[in-house]
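Student: kindly return the folded structure for what I paste below:
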Amino acid sequence: MSDPVRPKSLTPILVVDEIGPCLPFWERIGFSVANTVPDGPPFGLAILMRDGIEVMLQTRQSMRGDTGGVVDRVSASLLYLSVAALDPVLAALPDAPVAVPRRRTFYGADEIFLLDPAGNVIGFAAQATSRRRDYGRVRLQPTIRHDSSAHPHHTPRSPRSAPARTAKFNPCPCGPDSRAHNNAVATKPRVARLKNSHSIGW
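Tutor: Down below sits the predicted model:
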């Protein structure tokens, strides 16, 4: 079934006073001008592309003609770009003002936020490949239990007499090599067999 509201693309529009001074910032990190309005400078709008990523620059004067007073609600924008490494970006933009100094975040990103010539904040982040992103994840401890249903000749223990989870259980009297015991344990889903014929579940 088709989704009538499925987005086809998402393009940020950065409002600038002039497009010309902003183009070198983007060209130094590999973007190229795909289209402009008008065709020659001074431009009112420019579409920049790289590897399927699209960014649009539009002057305040041009946007005011398109949307009226909406442009007066727009201040500086913030974009967040994921990159393979920060050092090549910093080498390509050595003179860009730094909004947030380079830092290592708690979620493992190597980040820096720079300002483009129009005052927009452009964040660059490289994710660490050698560090697991475990934030927000709950680590579950295993619960040890005796699989009494696999031993029809055993009498289940009452809850009061059940040993603590940290206590060691006695081996099954029927022995780990008992065919009936092994078959019964093998039929229990999502249970790992252990050498002492007890099970551990998650």
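
Student: show me the contacts for Pro42.
Tutor: If a contact means CB atoms under 8 Å, 6 or more residues apart in numbering, then Pro42 has 18-20 as its contacts. All C-beta spots, glycine's among them, are computed from the backbone N, C-alpha and C.

Student: and stretch 50-63, which residues are buried?
Tutor: When burial is assessed from 16 or more other CB atoms under 10 Å, stretch 50-63 yields the following buried residues: 55, 57-60, 62-63.

Student: let me have those in TSV, extended by distance to Val70 and secondary structure.
Tutor: Putting these into TSV (distance: CB to CB, whole Å; DSSP: H, G, I helix; E, B strand; the rest coil) gives the following:
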residue	distance to Val70	secondary structure
Val55	19	strand
Leu57	17	strand
Gln58	12	strand
Thr59	14	strand
Arg60	11	helix
Ser62	12	helix
Met63	7	helix
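
Student: and which of these is nearest Pro4?
Tutor: Among those, Val55 lies closest to Pro4 (CB to CB), at 27.0 Å.

Student: could you find the closest non-adjacent residue to the closest one?
Tutor: Distances taken as CB to CB, 6 or more residues apart in numbering place Leu48 nearest to Val55, at 4.7 Å, with adjacent residues excluded.

Student: sorry, back to before: tell me the buried residues within the contacts of Pro42.
Tutor: Looks like the contacts of Pro42 have 18-19 buried, using 16+ other CB under 10 Å.

Student: any idea which of the contacts of Pro42 is the one closest to Gly119?
Tutor: For the contacts of Pro42, the nearest to Gly119 is Glu18 (12.0 Å; CB to CB).

Student: isn't that closest one right up against Gln58?
Tutor: No. Assessed by CB atoms under 8 Å, Glu18 is found out of contact with Gln58, at 11.1 Å.

Student: for the chain, what are the low-confidence residue spans?
Tutor: Across the chain, the ranges flagged by pLDDT under 70 are 1, 129-202.

Student: all the strands of it, residue numbers only.
Tutor: 13-16, 32-37, 45-50, 53-59, 78-82, 98-104, 109-115, 121-127, 143-145, 192-193, 199-201 (DSSP state E).

Student: now Val100. Nearest residue, chain neighbours left out?
Tutor: In space, and not counting its chain neighbours, Val100 is closest to Phe113: 3.8 Å by CB to CB, 6+ apart.

Student: tell me what that neighbour is bridged to.
Tutor: The partner list for Phe113 in beta bridges (DSSP bridges) reads Val100, Gly123.

Student: quick check: domain ranges of the protein?
Tutor: Domain assignment for the chain by automatic domain parsing gives 13-127, 139-202.

Student: tell me the contacts of the residue nearest to Val55?
Tutor: Residues near Leu48 by CB under 8 Å, 6+ apart: 23, 26, 31-34, 54-57.

Student: again, only using 6 Å
Tutor: Neighbour list for Leu48: 26, 31, 55 [criterion: CB atoms under 6 Å, 6 or more residues apart in numbering].

Student: hmm, back to that, unless I'm mixing things up, the residue nearest to Val100 is touching Val121, no?
Tutor: Yes. Taking CB atoms under 6 Å as the definition, Phe113 is a contact partner of Val121 at 5.4 Å.
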